[in-house]
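Chemist: Turn this into a structure:
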Amino acid sequence: MQSIRRLLKPSRIAHAHCDIPCGVYDPDQARIEAESCYKILEKYHASSDEVFKERCIIVKEQRAELAKHHIDVLWHDYFKPEHTQKYPNLHELVWQASKQGSKVKQSTDIAEAKKLIDLIDKIGDIWKQLGGPEQTRVKKAVAA
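Modeler: Alright, predicted model coming up:
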């Protein structure tokens, strides 16, 4: 009986963006996190308070990791093989953006955060051209 329980009990619990999947994908989620990194670095460089600067680094690294997460969700859950056929640079672009997220985590150079924003914007342009907003967003109510 114990061996059956052990077989049925998962050894690891997996976490996902969404267990449904929900179908809500938007590069703006990654962009907001990247913008946070940029703004945090502005504040970091303007401050002389070492404790504040340490907090900036911690939060910047968390936000950069979240940007990478949202890029990965787009890549794994939204983009499909036919998208890479239509946009052959898409795979390279997503890879560069993920790598750039790591550079932002490793650096206090605001230019690295700007590069991440620019790469996410390029991914966002492709997402829009593929009809992403119409496919994944809830329509706004029309004002009366």
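Chemist: low-scoring stretches of the protein, by residue?
Modeler: 1-20, 144 (pLDDT under 70).
Chemist: which parts of the lengthiest helix in the chain are buried?
Modeler: Counting residues, the longest helix in the chain under DSSP state H turns out to be helix 50-73. For helix 50-73, burial by neighbour count (16 or more other Cβ atoms under 10 Å) applies to 53, 56, 60, 63-64, 66-73. (Glycine included, C-beta is placed from N, CA and C.)
Chemist: mind listing what residue 63 touches?
Modeler: Listed by Cβ atoms under 8 Å, 6 or more residues apart in numbering, the contact set of residue 63 reads 33, 34, 36, 37, 40.
Chemist: Tell me, how many residues neighbour the third one?
Modeler: Residues contacting residue 36 under the criterion other Cβ atoms under 10 Å number 18.
Chemist: Could you find the closest non-adjacent residue to it?
Modeler: Nearest-residue entry for residue 36: residue 63, 4.4 Å, with adjacent residues in sequence omitted and distances by Cβ to Cβ, 6 or more residues apart in numbering.
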